[in-house]
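Engineer: The sequence and its predicted three-dimensional model are supplied below.
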Amino acid sequence: MEASRLIVDPTSVGPSLTARLSGRLAAFVAVLAWIGIWWLLAVLEVVPYLPTPAETLRQMGKDASELKTDTLTTMGRAYAGFAIGSLIGISIPLCLRLSRLGQLVLGPVIEISRTVPGITLLPLFLVWFGSGEKTAIILVSVGSALIMIPVAAQAFGNVPELLLWAGEGLGASKVQLLLRVSLPYVVPRIIGGLRITLAASVPWAIAGEFLGAQSGLGFYLWHALPYSEVDKMVCVVVLATVVVVIGDAVLTLATRRLTSWTDREGRS
Amino acid sequence: MVLARRSFDRSAWLGAVVAVVILLGIWFALTGFHIVSEKNLVGPVDVFDKAKEEWSQTLSYLGKTMLRVAIGLAIGCSIGLVVALVSSSVRLLDRLLEPAIAVMRSVPPFVLAPFVILWFGYRPIGPILFVAWSCFFIIYIDAIEAIKNVRREWRWAAQALGAGRLRTLWAVVLPSILPDVVGGLRVAVVVSVNMAILVEFLSSRGGIGYMLIRGYTFFRLDILLLAIIVAILATLVVDRLVCLVSRRLLRWTD
């Protein structure tokens, strides 16, 4: 790290207020524009069987209490699985840093784990863990870990040796080096991966609820399928998106706190 | 650079072989000594027998899935790359597109899968477009972020040498973002296999997804495991191919 990057320039901390406001405005306009396009597509019947936004809202109102519990259930499963999975996904590469042999043998496994299409595991998990709460959370955890492991492994591999030498020179042990030097270096660099993982965790949870669950958005969607109840299906699309957006906002806020000591741009 | 810099050299190959042998050993031990009941896990031999018995059908299912993956991947990635490149040089377009795409990106593609069947029926165009849709966002975001890292001096130099917008994009921006985009492409490969299989879950008209559903409904673990292994191997092969081709293409970088 160059010395100049360590000096905090008060004018460069985060984007300016106007920039952030205009970003918010653009996002708001974008949402409105998409709703407008959706409405047009539905009213002009460009897309067959598409309910208008108003019809979707009406459907949501009709099933309000059911949808509320389903959304909260899916939210809980997705976020819990995300937390477990990303913790595993970060700890495995972290522990591997401690042993050369482990790295040599498990390194390729990590490389292969990147190419496992997680959805193929769904039927297997259903056989193993039955259907329900447990399966959904396990599926999300495994799916999240599969994304995070290669991301974290790469980030740990990129820690500058200079930093490690400096730590060693100051008498840090292997574990100390890992926790006090590598980990703080890695955390800001895996936030992109964490955001991708979070966005993926919601569909994983929904997929886990498809077969045999008793609640959740996936359960609701699955039962709308046989009769092609499009209104209900669109409700799920909207609510699932909301769950992703809320999670992303919370994660961004939390990580901004966590990495406030770096000169990372706080992007909204 | 996300490119497979640490590509499989000799010690990594050795490690991979050791890892696979260990995994197979664990699998043999778990089933051979009846540590796990036969209801939950069948041995590698059973899966191998099943593969021998049904290899032609499995291959045709795999071909069906991978063909959809390949076409969808090609369409989605090229559109994503082109849109990112064009919007990077037309400011107004970028202003309009970036927030619009950011909103659409938050829609989990999984929940759109039922609509694919609703709108396209069982025609193969449905899963192909679905795969393309999911890949588009991955490549677009990756390319947009990579373009931000292209050194402004290079663009200036190209312009000073008399290159127009299009030429600058083709000769300066595209080559310098390619190494980053390869990382996104590798992610897109796995995502598209997932998406293709998901649609096959719902449509049940052949493909690896159908094989998985069949294995699940009849509780045939040999079919299930065979489908999983075949899917992983196929994805691995495509991933290696992407690495190989990109390494050829990017030989000029460090």
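Structural biologist: Perfect, I can see it now.

Engineer: helices or strands next to the helix or strand hosting A:Phe156 in the packing?
Structural biologist: Using DSSP states H and E, A:Phe156 sits within helix A:133-157. In this structure, helix A:133-157 makes packing contacts with helix A:64-96, helix A:100-113, helix A:121-129, helix A:183-186, helix A:191-210, judged by 3 or more CB pairs under 8 Å, 6 or more residues apart in numbering or on different chains; DSSP states H and E. The C-beta positions use only the backbone N, C-alpha and C, and glycine is treated the same way.

Engineer: just those: most buried one?
Structural biologist: Ranked by average neighbour count under the criterion mean count of other CB atoms under 10 Å in any protein chain shown, those are headed by helix A:191-210 at a mean of 25.

Engineer: what sits up against stretch A:198-205?
Structural biologist: Residues outside stretch A:198-205 that contact it (CB atoms under 8 Å, 6 or more residues apart in numbering or on different chains): A:74, A:77-79, A:81-82, A:85, A:118, A:136-137, A:139-140, A:143-144, A:147, A:216-218, A:240, A:243-244, A:247-248, A:251, B:105-106, B:108-111.

Engineer: Wait, A:Ser141 touches A:Gly81, no?
Structural biologist: Yes. Between A:Ser141 and A:Gly81 a contact is recorded at 4.6 Å, counting by CB atoms under 8 Å.

Engineer: Any idea which residue is closest to the centre of chain B?
Structural biologist: Centre of chain B computed as the mean C-alpha position; nearest residue by CA atoms, centre = their mean is B:Val189, 0.9 Å away.

Engineer: Torsion angles phi and psi at that one?
Structural biologist: Main-chain torsions, B:Val189, degrees, to the nearest 10: phi -60, psi -50.

Engineer: Tell me who's in contact with it.
Structural biologist: Here B:Val189 is in contact with A:Thr115, B:Val69, B:Leu73, B:Thr235, B:Val238, B:Asp239, B:Val242 (CB under 8 Å, 6+ apart).

Engineer: Export the residues you listed to a markdown table and append columns for pLDDT and neighbour count.
Structural biologist: Converted to a markdown table, the contacts of B:Val189 look like this (pLDDT from 0 to 100; neighbours: other CB atoms under 10 Å in any protein chain shown):
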| residue | pLDDT | neighbour count |
| --- | --- | --- |
| A:Thr115 | 85 | 22 |
| B:Val69 | 95 | 29 |
| B:Leu73 | 95 | 27 |
| B:Thr235 | 93 | 23 |
| B:Val238 | 93 | 20 |
| B:Asp239 | 90 | 21 |
| B:Val242 | 90 | 17 |
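
Engineer: Pipe those into a markdown table and attach secondary structure and distance to A:Leu21 per row.
Structural biologist: Written out in a markdown table, the entries for the contacts of B:Val189 read as follows (DSSP: H, G, I helix; E, B strand; the rest coil; distance: CB to CB, whole Å):
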| residue | secondary structure | distance to A:Leu21 |
| --- | --- | --- |
| A:Thr115 | coil | 42 |
| B:Val69 | helix | 42 |
| B:Leu73 | helix | 38 |
| B:Thr235 | helix | 43 |
| B:Val238 | helix | 44 |
| B:Asp239 | helix | 42 |
| B:Val242 | helix | 41 |
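
Engineer: for those residues, which one is nearest B:Val83?
Structural biologist: Nearest to B:Val83 among those is B:Leu73, at 15.8 Å by CB to CB.

Engineer: Without its sequence neighbours, what residue ends up closest to the closest one?
Structural biologist: Ranked by CB to CB, 6 or more residues apart in numbering or on different chains and with sequence neighbours excluded, the top spatial neighbour of B:Leu73 is B:Ser192, at 4.8 Å.

Engineer: The one you found: what secondary structure?
Structural biologist: helix (DSSP: H, G, I helix; E, B strand; the rest coil).

Engineer: thinking it is in contact with B:Val69, fair?
Structural biologist: Yes. Under the criterion of CB under 8 Å, B:Ser192 lies in contact with B:Val69, with a separation of 4.8 Å.

Engineer: Need the residues touching each of the two.
Structural biologist: With contacts taken as CB under 8 Å, 6+ apart, the residues that reach both B:Ser192 and B:Val69 are B:Val131.

Engineer: and the gap between the residue lying closest to A:Val109 once chain neighbours are set aside and B:Glu38?
Structural biologist: Nearest-residue entry for A:Val109: B:Ala19, 4.8 Å, with adjacent residues in sequence omitted and distances by CB to CB, 6+ apart. Distance of B:Ala19 to B:Glu38, computed by CB to CB, to the nearest Å: 26 Å.

Engineer: Among those two, which residue is more densely surrounded?
Structural biologist: Neighbour count, other CB atoms under 10 Å in any protein chain shown: between B:Ala19 and B:Glu38, B:Ala19 has more, with 19 against 11.

Engineer: Give me the contacts around the worst-scoring helix or strand of chain A on mean pLDDT.
Structural biologist: Taking mean pLDDT, DSSP states H and E as the measure, helix A:100-113 is the helix or strand of chain A with the lowest mean score, a mean of 79. Among residues not part of helix A:100-113, those counted as contacts by CB under 8 Å, 6+ apart are A:92-93, A:95-97, A:146, A:149-150, A:153, B:8, B:11-12, B:14-16, B:18-19, B:22-23, B:232, B:236.

Engineer: quick one, what contacts the residue nearest to B:Leu73?
Structural biologist: B:Ser192 sits next to B:Val69, B:Gly72, B:Leu73, B:Gly76, B:Val131, B:Ser134, B:Cys135 when contact means CB under 8 Å, 6+ apart.

Engineer: in the helix or strand containing the fourth one, what's buried?
Structural biologist: When elements are assigned from DSSP H and E, B:Gly76 belongs to helix B:55-89. Within helix B:55-89, the residues that count as buried by 16 or more other CB atoms under 10 Å in any protein chain shown are B:58, B:61-62, B:64-66, B:68-73, B:75-77, B:79-81, B:83-85, B:87-88.

Engineer: tell me which element the residue of the stretch 151-254 of chain B found nearest chain A falls in.
Structural biologist: The stretch 151-254 of chain B approaches chain A most closely through B:Tyr216 (3.7 Å), counting by CB to the nearest CB. Assigning secondary structure by DSSP H and E places B:Tyr216 in helix B:208-217.

Engineer: Run the angle between that helix and helix B:55-89 for me.
Structural biologist: Helix B:208-217 and helix B:55-89 are oriented at 130 degrees to each other (axes from the mean of the first three to the mean of the last three CA atoms, to 10 degrees).

Engineer: Distance from helix B:208-217 to the middle of the chain?
Structural biologist: Centroid separation for helix B:208-217 versus its chain: 21 Å, with CA atoms, centre = their mean, to the nearest Å.

Engineer: what angle do it and helix A:121-129 make?
Structural biologist: Orientation of helix B:208-217 against helix A:121-129 (the same axes, to 10 degrees) gives an angle of 10 degrees.

Engineer: Which pLDDT value goes with A:Gln10?
Structural biologist: Rather than Gln, residue A:10 is Pro. Predicted confidence (pLDDT) at A:Pro10: the value is 44.

Engineer: For the closest residue to A:Leu198 other than its chain neighbours, give me its contacts.
Structural biologist: Sequence neighbours aside, A:Gly247 is the residue nearest to A:Leu198 in space, at 5.0 Å (criterion: CB to CB, 6+ apart). The neighbourhood of A:Gly247, defined by CB under 8 Å, 6+ apart, consists of A:Met75, A:Ala78, A:Tyr79, A:Phe82, A:Leu198, A:Ala199, A:Ser201, A:Val202.

Engineer: what's the spacing between the second one and chain B?
Structural biologist: Read it as A:Ala78. A:Ala78 sits at a distance of 10 Å from chain B (criterion: CB to the nearest CB, to the nearest Å).

Engineer: Could you double-check that that residue lies in contact with A:Val140?
Structural biologist: Yes. With the criterion set as CB under 8 Å, A:Ala78 and A:Val140 qualify as a contacting pair; they are 5.8 Å apart.
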